[in-house]
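Engineer: Below is the sequence, then the predicted model.
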Amino acid sequence: MKKEILTRYVTQSNQIKSSNNTVKSSAFMPARNGKTSMFRINDLQSDEIWKIGNDVAEKLQKHLYGRADILETAILNSNLQYGSR
Amino acid sequence: MSTAFAGYCYTMPHSAGLNEYARLYENIKIRLQEPAIWHPLKEIEDELNILYKETSQDNWDGYDACAISYEALTEAIKFIRLLHSASFPIPEIAPEPSGEIGFEWHTGKRMVFATSVGGKHIINYAGIFGDFKTHGTINFGETLPHVIIVNLCRLFNKRQAH
């Protein structure tokens, strides 16, 4: 069975560790409403994934610094609720 | 392809806390197992000042976050200087949507300690040290609170010489 991959778009420079260009844990912290947006990217080409990211950043009026991909199972194994909106 | 454009989110249940997020980060494996790195003090203070510039207005995250106040910045710098003078590793820093500045140290699987300050002379803290968990709030004056020292010593397996 194919593993579901989700991506989190990074729109704040303070969510990136400059020392090694990896993402900080804070990139996954929820907003004040207790939610964090993720996007399903299985079966998408790289340019399509980045296009979504650019759309997200534009909507937020932010710069797109990068993205962090994680497995859906990482969320499910952490007892976090997950679903579409 | 259209389904991929649907936004997904995960939600923090009211009962969830640091434990759930620690588990998530362990699964994500974004190099959080690395020991905290010793940053020169100037570098970390510059990082805090940049963070403040980026987050001193409400809605800095695009999701209704509270602005980081100047008081929070000065308290964060004081906290970092106290850590440095006590020879503790400088943590990873991050703004929090509540308007506080957060600090995190990870030394391994289920070994994490996090604190935050918001310019109100208190420190919120939470830690997971294997099977042991702790959390609380402590007044923050001119010295590093004892409970913070104890927990950092626990995390870094140091004797309390501070």
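Structural biologist: Looks like it arrived, so ask away. Since we're looking at a predicted model, the values are computed, not measured.
Engineer: Quick check: which ranges of chain A have low pLDDT?
Structural biologist: By pLDDT under 70, the low-scoring segments of chain A are A:85.
Engineer: Would you tell me which helix is longest in it?
Structural biologist: helix A:46-60 (DSSP state H).
Engineer: Provide a list of residue ranges in chain B with pLDDT below threshold.
Structural biologist: In chain B, residues with pLDDT under 70: B:1-39, B:159-162.
Engineer: returning to what we had before: now do the longest helix of chain A: distance to the chain's middle.
Structural biologist: Centroid separation for helix A:46-60 versus its chain: 11 Å, with C-alpha atoms, centre = their mean, to the nearest Å.
Engineer: Flag every buried residue along the helix or strand just after that helix.
Structural biologist: On the C-terminal side of helix A:46-60, the closest following helix or strand by DSSP states H and E is strand A:66-71. Under the neighbour-count criterion of 16 or more other C-beta atoms under 10 Å in any protein chain shown, strand A:66-71 has A:Gly66, A:Arg67, A:Ala68, A:Ile70 buried. Using the backbone N, CA and C atoms, a C-beta is placed for each residue, glycine as well.
Engineer: again, but for stretch A:55-74
Structural biologist: Neighbour counts using 16+ other C-beta under 10 Å place A:Val56, A:Ala57, A:Leu60, A:Lys62, A:Leu64, A:Tyr65, A:Gly66, A:Arg67, A:Ala68, A:Ile70, A:Glu72, A:Ala74 of stretch A:55-74 among the buried residues.
Engineer: outside of it, which residues touch it?
Structural biologist: A:3-13, A:15-16, A:23, A:27-28, A:37-39, A:41, A:49-50, A:53-54, A:82, B:24, B:27-28, B:30, B:62-63 (C-beta atoms under 8 Å, 6 or more residues apart in numbering or on different chains).
Engineer: How many residues are close by B:Thr74?
Structural biologist: B:Thr74 sits with 14 neighbouring residues when counted by other C-beta atoms under 10 Å in any protein chain shown.
Engineer: swap that for B:Tyr70, sorry
Structural biologist: B:Tyr70 - counted by other C-beta under 10 Å - has 11 other residues nearby.
Engineer: for stretch A:16-26, which positions count as buried?
Structural biologist: A:Ile16, A:Lys17, A:Val23, A:Lys24, A:Ser25, A:Ser26.
Engineer: Please disregard the earlier target; I meant stretch B:45-63.
Structural biologist: For stretch B:45-63, by 16+ other C-beta under 10 Å, it's B:Glu45, B:Glu47, B:Leu48, B:Leu51, B:Tyr52, B:Thr55, B:Trp60, B:Asp61, B:Gly62.
Engineer: Show me these that map onto strands.
Structural biologist: Using DSSP state E, no member of the buried residues of stretch B:45-63 falls in strands.
Engineer: So which of those residues would count as near chain A as well?
Structural biologist: Checking the buried residues of stretch B:45-63 against chain A by C-beta under 8 Å from any C-beta of the partner chain, the ones in range are B:Glu47, B:Leu51, B:Thr55, B:Trp60, B:Asp61, B:Gly62.
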